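Asker: Predicted model, plus sequence, below.
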Amino acid sequence: MRIVVQEALFDPGAELSTFSAAVAGVGAVVSFSGIVRDDHGDLDALEIEHYAGMTERALSEQATEAAAHFNLADVLVIHRHGRLSPDEPIMMVATAAAHRKQAFAGADFLMDYLKSRAPFWKKEVRAGSADWVEAKQADEDALAEWSR
Amino acid sequence: MRIVVQEALFDPGAELSTFSAAVAGVGAVVSFSGIVRDDHGDLDALEIEHYAGMTERALSEQATEAAAHFNLADVLVIHRHGRLSPDEPIMMVATAAAHRKQAFAGADFLMDYLKSRAPFWKKEVRAGSADWVEAKQADEDALAEWSR
Amino acid sequence: MIDILYFAWLRERIGIPKERWETEAATVNDLVAELRAREERYALAFEDVSSLRVALDQELSSFDAPLDGVREVAFFPPMTGG
Amino acid sequence: MIDILYFAWLRERIGIPKERWETEAATVNDLVAELRAREERYALAFEDVSSLRVALDQELSSFDAPLDGVREVAFFPPMTGG
């Protein structure tokens, strides 16, 4: 299991290669990567604040829980903080499991967790404005689905 | 959209990098890659037969349908045929969408389709035996879930 | 004349991947009945069509589908891709 | 003495990321009441606690949780990671 919280840029493809090589023979690997969107062509940067003391521990706990629950052979979580430019990767999750449905569900669940429970806050910086991104009810609902 | 049916080995990480670069700014990218499993340590090779005339066209149709249904900005499908060794990648699917749930659902659906409807047949070659892999009812059921 | 293709264990049981066949069969089921009557290996291969799938001109179809204008019929076991 | 941490717009409104605070508050809600009473900027920042989250010693918690033995309290808006 590898949990990384960093400012530096990373390459999701290269990370997937490393992750896959380490779990060779496991059968199914699912990855998710999120990219900084600039829907209106006016975004200067995305600033991500995090709770340094809590982040890695909270992510590790959640990844461990997900691994047990979904029978994952391995989990990778990378999440950036600091100042990001449009089109840069923000974060990625990768899961490996014997069966594809487990790998899919594990990655999907970890994303729902990251959206609503990992201590990160995003601010969109544009010319003349800087706005904190508001949490979405849909993300809360998505997470609640897993406990149904 | 890129649909590839090939004998040659490929690198899922490198393919993810290429795919992600082409959809920069789309927001969410999900990939699935399947690896040749050797659960009992006695597999010499996995032989994959396919229906050459039908495969690429069937995959393209399905990818187009999935793209429309799940609002995917782009789809990648790579599937190998011929003789594969344990731990080699068999196939991969990648999807890009504005929202993560769409990217997850699109990739999950395409995998269910590939398992039960794409014209590939697997044979496991071991010392002294060669057995066609039997289709699983669970795979049929998984595909049926999407039409509920 | 139609082309008939066989895949996976069906190809191995029949012993050839492809053949041309002169037929007046109206449906896939009629064609299967013709093939069964040809030789023991066909009779065995097509013993249980519920374990087989069929594609007409490279589109998945069903055993009661008509063969009007069809040029290529493929028989195979359930697919195991992915 | 406890450490109190603020993140995102809460940090900006209060104007500092962290402070030490002497308190006898029994619960998070009691602590919030103390902070509100301090200054206008705290009163405004904590106006609607339903829009806030709290972590005690780096574990997500609730506003009615006791503060016994807690050394670090963090207040922040709903998270927006991923």
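Answerer: Looks like it came in fine.
Asker: what's the nearest residue to residue C:53 if we skip its chain neighbours?
Answerer: residue C:76 (5.6 Å; CB to CB, 6 or more residues apart in numbering or on different chains). Glycine gets a C-beta too; all of them are placed from N, C-alpha and C.
Asker: What distance do you get for the spatially closest residue to residue A:59 that is not a sequence neighbour to chain C?
Answerer: Sequence neighbours aside, residue A:3 is the residue nearest to residue A:59 in space, at 4.7 Å (criterion: CB to CB, 6+ apart). For residue A:3, the distance to chain C (CB to the nearest CB, to the nearest Å) stands at 30 Å.
Asker: Also residue A:92?
Answerer: 23 Å.
Asker: so what pLDDT did that residue get?
Answerer: Note on residue A:92: pLDDT of 98.
Asker: which residues sit in contact with it?
Answerer: Residues near residue A:92 by CB atoms under 8 Å, 6 or more residues apart in numbering or on different chains: A:10, A:12, A:15-16, A:31-34, A:76-78.
Asker: Next step: these restricted to helices.
Answerer: With helices taken from DSSP state H, the overlap with the contacts of residue A:92 comprises A:12, A:15-16.
Asker: Relative to chain D, which of these is nearest.
Answerer: residue A:12 (14.1 Å; CB to the nearest CB).
Asker: Can you give me the neighbour number for the residue lying closest to the closest one once chain neighbours are set aside?
Answerer: Spatially, and ignoring its direct neighbours in sequence, residue A:12 is nearest to residue A:33 (4.0 Å; CB to CB, 6+ apart). Using other CB atoms under 10 Å in any protein chain shown, residue A:33 has 28 other residues around it.
Asker: OK, contacts around residue A:33?
Answerer: Here residue A:33 is in contact with A:12, A:89, A:91-92, B:16, B:20, B:28-29 (CB under 8 Å, 6+ apart).
Asker: what about 6 Å?
Answerer: Contact analysis of residue A:33 by CB atoms under 6 Å, 6 or more residues apart in numbering or on different chains lists A:12, A:89, A:92, B:29.
Asker: any idea of the pLDDT on it?
Answerer: pLDDT, residue A:33: 97.
Asker: Tell me which helix or strand the nearest residue to residue C:52 once chain neighbours are set aside sits in.
Answerer: Counting by CB to CB, 6+ apart, residue C:75 is the residue found nearest to residue C:52 once chain neighbours are left out, at 5.7 Å. Element membership of residue C:75 [criterion: DSSP states H and E] is strand C:72-76.
Asker: Would you mark the buried spots in that strand?
Answerer: C:73-76 (16 or more other CB atoms under 10 Å in any protein chain shown).
Asker: from these, which single one is nearest chain D?
Answerer: residue C:76 (42.7 Å).
Asker: Check whether that closest one really touches residue C:5, as I assumed.
Answerer: No - applying CB atoms under 6 Å, one finds residue C:76 not in contact with residue C:5, separated by 8.1 Å.
Asker: I'd like the average pLDDT over the helix or strand where residue A:83 lies.
Answerer: Taking DSSP H and E as the criterion, residue A:83 maps to strand A:82-84. What strand A:82-84 shows for mean pLDDT is 98.
Asker: returning to that earlier point: name the helices or strands packed onto whichever strand or helix holds the residue nearest to residue A:59?
Answerer: In this structure, residue A:3 sits in strand A:2-6 according to DSSP H and E. Packed against strand A:2-6, as judged by 3 or more CB pairs under 6 Å, 6 or more residues apart in numbering or on different chains; DSSP states H and E, are the following elements: helix A:52-69, strand A:72-80.
Asker: now, of the ones you listed, which is deepest in the fold?
Answerer: Between the helices and strands packed on strand A:2-6, strand A:72-80 has the highest mean count of neighbours, a mean of 23, where neighbours are mean count of other CB atoms under 10 Å in any protein chain shown.
Asker: distance of the residue sitting furthest away from the middle of chain A from residue A:42?
Answerer: Distance from the centre of chain A peaks at residue A:128, with 29.0 Å (CA atoms, centre = their mean). Going from residue A:128 to residue A:42 by CB to CB, to the nearest Å gives 10 Å.
Asker: List the contacts of the closest residue to chain A within chain C.
Answerer: Per CB to the nearest CB, residue C:82 is where chain C lies closest to chain A, at 7.7 Å. Applying CB under 6 Å, 6+ apart to residue C:82 gives the contacts B:111, B:114-115.
Asker: Residue A:55 now?
Answerer: For residue A:55, the contacting residues are A:5, A:119, by CB under 6 Å, 6+ apart.
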